[in-house]
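Novice: Got a predicted model here, sequence first, then my questions.
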Amino acid sequence: MRKLLAAALSVAMGMSLVACGSGSSKPVEETTKSVESGADNTESGDAKLNAEIEYWSSWSETEAQADALREAADEFMKANPGVKINFTFNGRDNRNLVGSAVSAGTKVTMMDANADNIKSMWSEITMDLTPYFEESYESTGGEKYVDKIMPSMSGLSAKLFDGKYSYFPYAPQGFMIFCNKNIFDDCRITKYPETWAEFMDACEKIKAKGYTPVTTDSNYATSWVGYYMSRLMGNDEVAKLSNDSSAWSNPKVLEAAKAIEDMAKKGYFDPVIETNTYPNAQQSMVINEKIAMYINGTWLPNEVKDSTPDDFKWGSFAFPTVEGGVDDQTSGCYSSYGIAINKDATEEEAKAAAAFGVYVTTAFDQKFSDMANAIPVGVDGVWPDSLKDAQQVMSKYTNRYPSQTALILNSNSKQIIADACLKLMGGSITAEEFVEMASKF
């Protein structure tokens, strides 16, 4: 697992973006801390809040996200002296620990995890937060909370739970094509490709200038093939490929494979793509500055920041549309962390917990992002310079793909398909051989 911009975490799905860009995995730490009250100005509203809250978090105690949450709680309690927030920082195992703790009668008022883990692990214990999403707060300037949150993120909170908002989203993430803008500038590519024809034209210009157009590695092996298939066939049809070997007889599969084979024949892929192990691709991209594009998550610039030259310019854009395809650039992988509330919390506890969730994701949103090198979830948030283009991409996402697409959803077929993808991109096998190899599970 690796470090990520906002942090994140691994699950199938859902898949979780997280799975691909999770915060650095650290040993589980079950550390309970209490943040004392004080006095300032936050989400107190008209009614006084009175409750003691037990917040179980998926961050480890020493992570920047944990520091940010503690600071947010300190500020919140200064404005709401009737509220006391106790933290238990469990690390990534929080998703497993919360359910068993609640079943055993341990008090857990609110908890966080990535969106897909909330759905898969806590569906039976989370509260419907829709009334709180429809309310206005001091930190929302009189507007409804839902209108101050990135639509793709608030929408996902409801979409995962049959239309009921079930967690306050924060630390969002997205998956897309990242590029070295200096290479694009040198090749006089002034507009990001929106169609496959434009993308192939850009690859040819990049190659002609002596650069490598595209790379990937063992951790993201299915991305280029999977995204082309997803654009062409749609997510549901691609999901069938991970679970049913007979689905590979669909002629659209071979059509997609031939498009990738064409890239390989033209020399657009990194020559070492078949043997590239994580994190070689991303490190080579910033250290050598000869690789133009790499599909990855919004955590990428943060993961490689220590290796990235000061004059490196990040760019990003959505995977292009393909001829005859069913999906456009509004489709992609996106997710976030979320703060949920136990459905068995008392009314006073729920009000206080919801007020704190709103505070973290509105008034404290930018500060949390700055402290944790994360992406703000608010519509008015200021994104890091390295992710300015990614902001535009994510603002348009409405149709959700799994991370690295639905090709990876079945653990029994995932590695077989990934190996075949690497060989296809490396030029070791033909499109027909790829279909045969990938379907042998």
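Specialist: Nice, thanks for sending it over.
Novice: for the protein, which residue is closest to the average position?
Specialist: Gln173 (3.1 Å; C-alpha atoms, centre = their mean).
Novice: bridging residues for that one?
Specialist: Ser335 (DSSP bridges).
Novice: From Trp299, how far off is it?
Specialist: Distance of Gln173 to Trp299, given as C-beta to C-beta, to the nearest Å: 7 Å. Every residue, glycine included, has its C-beta placed from N, CA and C.
Novice: Let me see the contact set for the nearest residue to Tyr145 once chain neighbours are set aside.
Specialist: Using C-beta to C-beta, 6 or more residues apart in numbering and skipping the chain neighbours, the partner closest in space to Tyr145 is Phe133 (5.2 Å). Phe133 makes contacts with Lys144, Tyr145, Val146, Ser154, Ser157, Tyr165, as judged by C-beta atoms under 8 Å, 6 or more residues apart in numbering.
Novice: now Tyr334
Specialist: By C-beta under 8 Å, 6+ apart, the residues touching Tyr334 are Leu17, Ser152, Met153, Leu156, Pro172, Gln173, Gly174, Phe175, Met394, Tyr397, Arg400.
Novice: Next one, pLDDT for the closest residue in space to the last one that isn't next to it in sequence please.
Specialist: Read it as Arg400. Closest residue to Arg400 apart from its sequence neighbours, by C-beta to C-beta, 6+ apart: Tyr334 at 6.2 Å. According to the prediction, Tyr334 has pLDDT 96.
Novice: Could you report the separation of Tyr334 from Asp311?
Specialist: Separation of Tyr334 from Asp311 (C-beta to C-beta) stands at 29 Å.
Novice: Repeat that for Tyr192.
Specialist: 20 Å.
Novice: okay, now the closest residue to Glu323 other than its chain neighbours: neighbour count?
Specialist: Distance criterion C-beta to C-beta, 6+ apart; nearest residue to Glu323, sequence neighbours excluded, is Trp196 at 6.4 Å. By other C-beta atoms under 10 Å, the residues close to Trp196 number 18.
Novice: still on that earlier bit, can you tell me which of the contacts of Phe133 is nearest Tyr211?
Specialist: Checking those against Tyr211 by C-beta to C-beta gives Ser154 as the nearest, at 39.3 Å.
Novice: Helix or strand: which one has that closest one?
Specialist: Ser154 is part of helix 151-159 when elements are defined by DSSP states H and E.
Novice: now the helices for the stretch 1-150 of the chain?
Specialist: Assigned helices in the stretch 1-150 of the chain, in chain order: 16-20, 64-79, 94-103, 115-122, 130-133 (criterion: DSSP state H, counting those that start in this stretch).
Novice: in the second one, what's buried?
Specialist: Of the residues in helix 64-79, those with enough neighbours to count as buried (16 or more other C-beta atoms under 10 Å) are 64-66, 68-70, 72-73, 75-79.
Novice: Ala318 reaches Phe175, doesn't it?
Specialist: No: applying C-beta atoms under 8 Å, one finds Ala318 not in contact with Phe175, separated by 9.6 Å.
Novice: Contacts only, for the closest residue in space to Asp270 that isn't next to it in sequence.
Specialist: In space, not counting the residues next to it along the chain, Asp270 is nearest to Thr215; the distance is 3.9 Å by C-beta to C-beta, 6+ apart. Residues near Thr215 by C-beta under 8 Å, 6+ apart: Phe269, Asp270, Ile273, Asn276, Ala281, Ser284, Met285, Ile291, Met293, Tyr294.
Novice: Which one's more surrounded, Tyr192 and Asp311?
Specialist: Set side by side, Tyr192 and Asp311 show more neighbours around Tyr192, with 21 against 7, by other C-beta under 10 Å.
Novice: Any regions of the protein where pLDDT drops low?
Specialist: Where the chain drops to pLDDT under 70, the residues are 1-47.
Novice: Which residue ranges make up each domain of it?
Specialist: In terms of domains, the chain is parsed into 16-173+334-386, 174-332+401-438 (source: automatic domain parsing).
Novice: who touches both of Ala318 and Phe175?
Specialist: Gly332.
Novice: out of those two, which sits in the more crowded spot?
Specialist: Ranked by neighbour count (other C-beta under 10 Å), Ala318 and Phe175 place Phe175 first, with 34 against 26.
Novice: Contacts only, for the residue lying closest to that one once chain neighbours are set aside.
Specialist: Distances taken as C-beta to C-beta, 6+ apart put Cys333 closest to Phe175, at 3.5 Å, once the chain neighbours are dropped. Residues near Cys333 by C-beta under 8 Å, 6+ apart: Met15, Leu17, Gly174, Phe175, Gly297, Arg400, Tyr401, Pro402, Ser403, Gln404, Thr405.
Novice: can you pull the contacts of the third one?
Specialist: Read it as Gly174. Leu17, Gly297, Thr298, Gly332, Cys333, Tyr334, Ala390, Val393, Met394, Tyr397 are the contacts of Gly174 under C-beta under 8 Å, 6+ apart.
Novice: so how far is Val108 from it?
Specialist: 30 Å.
Novice: now the last one
Specialist: Between Thr405 and Val108 the distance, using C-beta to C-beta, works out to 34 Å.
Novice: ok, those two, which is more surrounded?
Specialist: Between Thr405 and Val108, counting by other C-beta under 10 Å, Thr405 is the more crowded of the two (29 against 23).
Novice: What ranges does the stretch 1-150 of the chain have for its strands?
Specialist: 31-35, 51-57, 83-89, 110-114 (DSSP state E, counting those that start in this stretch).
Novice: Could you dump those strands into CSV and include mean neighbour count and distance to Asn342?
Specialist: Output for the strands of the stretch 1-150 of the chain, formatted as CSV (neighbours: other C-beta atoms under 10 Å; distance: least, C-beta to C-beta, whole Å):
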stretch, mean neighbour count, distance to Asn342
strand 31-35, 15, 17
strand 51-57, 22, 9
strand 83-89, 22, 13
strand 110-114, 29, 7
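Novice: Just give me the neighbour total for Asn412.
Specialist: By the criterion of other C-beta under 10 Å, Asn412 has 9 neighbours.
Novice: Mind giving me the PyMOL command for buried ones among the contacts of Thr215?
Specialist: One line in PyMOL is enough to select the buried ones among the contacts of Thr215; burial here means 16+ other C-beta under 10 Å:
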select buried, resi 269+270+273+276+281+284+285+291+293+294
